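# Model the following, please.
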Amino acid sequence: MSCLEIIHTKIKPRIITRVWHRFQERLRHPRIRNLIASWLGLFRPHVDIPSCPDRLAELYKDGVTFFPQFLSRNEIEEIKLELEKYNCFDPWHREIGEFTYTQNPVGTHVGQIRLAATIEILHKLALDSRIIDVVTAYFGCKPYLDSIQAWWSFSGNDQPQEAENFHRDNDAIRFLKFFLYVTEVDDLNGPHIFVLGSHREAKLLERRRLNDEEVADTFGNHRIRSFTGKSGDAFIEDTYGIHKGQLPVIGKRLLVQFRYTTTESVFRSPLIVSTSRYYQPSRITSLLYE
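Residues are numbered from 1 along each chain as shown. A predicted model of the protein is given here:
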């Protein structure tokens with residue numbers, strides 16, 4: 001499996017991006033955020049808006065749309081074998097340094113793969129028309145590919161940490177994330193959990209971690225969905241909606257994430273790599289290539 005050449009490392013967001021982020025993350029009401037995002041979309045380059053009404057209806061209503069068996073068994077196994085070669089780091093405890101996914105330090109919850117953005121097959125997936133069509137239609141404008149990430153979630157911990165608690169993401173004024181299960185995920189392996197429809201409701205809008213009880217009391221248990229799945233299953237989600245990655249009880253979970261935005265985000269990839277052969281500048285703007 002080929003990897004793309006690293007052109008630049010430790011790329012930081014522009015000052016204007018950082019200033020805009022501080023402003024937009026204080027805009028909490030979903031309706032206001034959507035109005036501003038739609039206005040900003042008018043300034044993006046023109047692109048034909050694909051027709052995918054069923055996917056859009058799911059995203060507008062629930063905030064998530066599913067792609068069962070997005071990849072075949074052979075395709076997902078190839079990706080898994082490749083990702084297993086790379087060292088990880090704990091984004092919440094960088095002082096630990098790098099480690100392998102089989103020897104994660106005691107107390108580590110997450111092992112993020114720093115070089116995931118160099119793996120060309122992940123670029124092929126991130127630029128897949130099945131994803132780009134939905135993202136473009138939801139945004140109503142030409143999207144950015146902001147980042148490519150992959151990480152392990154480890155069991156062996158008693159209390160949830162950071163994103164293992166319910167929260168809203170504030171990555172951009174409008175954004176979507178594509179999640180791909182590389183390993184099989186059941187109720188004990190750390191399934192992704194999402195509150196259906198919460199991306200469009202002005203409830204629990206504070207910038208903080210939320211506890212399970214207040215989320216259940218506010219939205220009702222019937223709207224809190226746990227996403228289990230086979231390796232190769234995927235979903236696109238508006239993670240301004242309330243969600244978390246459940247703390248794994250047993251085993252390890254390996255997940256790939258692509259972030260798409262309508263404006264550059266402060267969470268953009270710190271790596272810039274050589275241009276992928278799959279890149280179509282007319283359809284999407286990539287922040288990962290020169």
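# What segments of the stretch 101-250 of the chain are strands?
Along the stretch 101-250 of the chain, the segments classed as strands by DSSP state E, counting those that start in this stretch run 110-113, 144-154, 175-181, 192-195, 224-227, 234-237, 243-245.
# So which residues lie in contact with the third one, not counting its own?
Right, strand 175-181. Residues outside strand 175-181 that contact it (Cβ atoms under 8 Å, 6 or more residues apart in numbering): 59, 70-71, 76, 125-126, 131, 134-135, 138-139, 146, 169, 192, 229-240, 253-262, 265. All C-beta spots, glycine's among them, are computed from the backbone N, C-alpha and C.
# and if you look at the fifth one?
Under the contact criterion Cβ under 8 Å, 6+ apart, strand 224-227 has outside partners 64, 66, 185, 187, 191-196, 215-216, 235, 246.
# Repeat the analysis, applying 6 Å as the threshold.
Under the contact criterion Cβ atoms under 6 Å, 6 or more residues apart in numbering, strand 224-227 has outside partners 191-196.
# Please apply the same query to the fourth one.
Outside strand 192-195, the residues that touch it by Cβ under 6 Å, 6+ apart are 64, 219, 223-227, 242-246.
# Just the buried residues of those.
By neighbour count, with 16 or more other Cβ atoms under 10 Å, these hold 64, 219, 223-224, 227, 242-246 as buried.
# so can I have CSV of the contacts of strand 224-227 showing distance to residue 151 and neighbour count?
Formatted as CSV, the contacts of strand 224-227 follow (distance: Cβ to Cβ, whole Å; neighbours: other Cβ atoms under 10 Å):
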residue, distance to residue 151, neighbour count
191, 15, 20
192, 13, 23
193, 17, 18
194, 18, 25
195, 22, 26
196, 24, 18
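# Adding distance to residue 281, write the residues you listed out as a markdown table.
Converted to a markdown table, the contacts of strand 224-227 look like this (distance: Cβ to Cβ, whole Å):
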| residue | distance to residue 281 |
| --- | --- |
| 191 | 36 |
| 192 | 31 |
| 193 | 36 |
| 194 | 32 |
| 195 | 36 |
| 196 | 35 |
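# Let me know the closest of the residues you listed to residue 273.
Nearest to residue 273 among the contacts of strand 224-227: residue 192, at 27.0 Å, using Cβ to Cβ.
# For that closest one, give its distance to residue 237.
Separation of residue 192 from residue 237 (Cβ to Cβ, to the nearest Å): 8 Å.
# what does residue 136 give?
Relative to residue 237, and taking Cβ to Cβ, residue 136 is found at 16 Å.
# those helices in the stretch 1-150 of the chain, which residues are they?
When assigned using DSSP state H, counting those that start in this stretch, the helices of the stretch 1-150 of the chain occupy the ranges 15-24, 30-41, 53-62, 73-83, 120-126, 129-139.
# Identify each buried residue in the longest one, please.
Neighbour-count burial for helix 30-41, counted by 16+ other Cβ under 10 Å, picks out 30, 33, 36-37, 40-41.
# Likewise for the shortest one?
The neighbour-count check on helix 120-126 (16+ other Cβ under 10 Å) flags 120-123, 125-126 as buried.
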